[in-house]
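1. I'll drop the sequence and a predicted model, then ask my questions.
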Amino acid sequence: MNFRLITKNIGLALLVDAGFMFVSMLVSILYGFDSSFSPLLLSGMLTLMVGVLPIVFVGKGQNRITTREGFIILFFAWLLSCVFGLLPYALWGGPFSLENAWFESVSGFTATGATILGDIESLPHGLLFWRSSTHFIGGLGVVVFMMMILPSSGTVKLKMRRIEISDMSAGEYNFRSNKVVRVVLTVYISMMVICTLLFMVAGMPIFDAVTHAFSVVATGGFSPRNTSIGAYGSHWIELIAVVFMLASSLHYGLLYSSIAGRNLNALRNPISRFFFTTIGLGTLFMTAGLLLTRTITNPLEAGWQSLFNVVSICTSTGLATVDTSVWPAFCILLLLYFSIQGGCSGSTTGGLKADRIWVLTRAVKAQIVRTIHPNAVIRVKSGSNVIDSEQVNSIAMYAILYIAILFVCAIIYAACGMTLVDAFTGSCAMVGNVGPAFGSVGSMSNYGAVPMLAKIIMGLEMIVGRLGLYAAFGIFAMKKV
């Protein structure tokens, strides 16, 4: 095990965090040296020193990283980013006890968007910017930043890339491995800039536009407003958010090829079509449920609220316009399904992913046909690509592990004193990186009253969900390869 090289690469990830802390400090200066200046300065200096030490003292040597070492770098880069990311909150104080600072930091880096804050607007601008910056870092993925400096030769870089970027929903395009990071960065930053400009045109102040763009494109959910994006009361702003939430939920390589090739690849891909179809059907059923129960009597308003909240939950963004916890049980169950499904692989979304749901439904259909026609040769395909039985089994095992983690964590939360609704829906929201759940941890509430032990475990559940279950547990199961 090359511990020197592991610590060196983790140190580089911490330097990224330190850089954003100093940018947040500059925001604090712009707003008159608000109360977050000193916490951000101290946090940035400490993170910088810890990140620089292994780089300075680890000399040149063997740069080959084994697969297990790659997964260790990935896991601990995320974990330590969350640990050092809590420093600005803890040093600022206020509602940020150590466990609250941990929860808020993990929620930001994993692009979950859950919060312990009851009064978000009481935070200084520098700290609000740092809070949203963790979405920017986490949405793209610490692993993607690290890939820019990992050895370009060897197989680990490719294996680490596939944790964040699945080939299943990529469609009919091909990129060389060394081009993938550039493609992802180009799409990510371009969408961030365009989203910010459109929010400003729609009437948002520049600070709100930037921080909301961080949330929307990273599919995170943090907002500088207590009532989230509903604070603006603007359907234009909400429409911009819907468009960019949907775009951010598609495979980034597919988006790039669609824009660069000026074609409709994103709409031709079977995974994308499945994703949009489920959102369309969910919106229709949700609208009918709201109207039939007279929760909302205006058909246009019911349709819009259904669309926005289905998109927000399915993309694991979690921005809110209304309190969905008071909606009928039928609507809540639909939203729970979408919190489990999530967006497409190769995007910034969480959840089980539409790719896996699509493959599992096709595999079940194929198995039913085989039962009726034992001699039939039935293959599961994604476009023209055949999905072999080994990959189908891997997806099935992933889904079983996902559901198992969801239930085990829900049981732990219930044992900590949370209600059944809070424990189960909260676990769905944590492992799926969705953010808001239902009950007392709903879209217009927060996680401030959650027991301390539950907050700590929720942080770990968010990290496991964000990294992907196989990657998170892989470091404990893999032998040296």
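-> Happy to help now that I have it.

2. Find the least confident helix or strand in the protein, judged by mean pLDDT.
-> helix 156-164 (a mean of 45; mean pLDDT, DSSP states H and E).

3. which other helices and strands contact whatever helix or strand comes next after it?
-> As assigned by DSSP states H and E, the chain's next helix or strand after helix 156-164 is helix 177-201. Counting contacts by 3 or more Cβ pairs under 8 Å, 6 or more residues apart in numbering; DSSP states H and E, helix 177-201 is packed against helix 125-140, helix 142-147, helix 156-164, helix 206-217, helix 235-248, helix 252-260. Yep, even glycine has a C-beta here, placed from its N, CA and C like the rest.

4. Could you identify which of those helices has the lowest mean pLDDT?
-> Note on these: lowest mean pLDDT is at helix 156-164, with a mean of 45.

5. My read is that Met192 contacts Val217, right?
-> Yes: Met192 is within contact range of Val217, at 4.9 Å (criterion: Cβ atoms under 8 Å).

6. Which one's more surrounded, these two?
-> Ranked by neighbour count (other Cβ atoms under 10 Å), Met192 and Val217 place Val217 first, with 29 against 21.

7. residues in contact with that one?
-> Contact partners of Val217, counting by Cβ atoms under 8 Å, 6 or more residues apart in numbering, are 139, 188, 191-192, 195, 244, 248, 348.

8. Next: Ser248.
-> Per Cβ under 8 Å, 6+ apart, neighbours of Ser248: 191, 216-219, 315, 343, 347-349.

9. List the buried residues for the helix or strand encompassing Ile55?
-> Secondary-structure assignment from DSSP H and E places Ile55 in helix 37-57. Buried positions in helix 37-57, judged by neighbour count with 16 or more other Cβ atoms under 10 Å: 37, 39-41, 43-44, 46-48, 50-51, 54.

10. do stretch 248-260 as well
-> Here stretch 248-260 shows 248-258 as buried, counting by 16+ other Cβ under 10 Å.

11. residues in contact with Ser443?
-> So Ser443 contacts 228, 309, 318, 320, 322-325, 436 (Cβ under 8 Å, 6+ apart).

12. ok, of those residues, which one's closest to Leu401?
-> Gly318 (23.3 Å; Cβ to Cβ).

13. check contacts around the closest one.
-> Under the criterion of Cβ under 8 Å, 6+ apart, the neighbours of Gly318 are 112-114, 220-221, 312, 429, 434-436, 443.

14. switch to 6 Å and redo it
-> 113, 221, 434-436 (Cβ atoms under 6 Å, 6 or more residues apart in numbering).

15. mind checking which helix or strand Ala111 is in?
-> Residue-wise, Ala111 maps onto no helix or strand under DSSP H and E.

16. and what of Gly32?
-> Counting by DSSP H and E, Gly32 is found in no helix or strand.

17. before we move on, what about Gly94?
-> Counting by DSSP H and E, Gly94 is found in no helix or strand.

18. Please report how far it lies from Gly32.
-> To Gly32, Gly94 is 18 Å away according to Cβ to Cβ, to the nearest Å.
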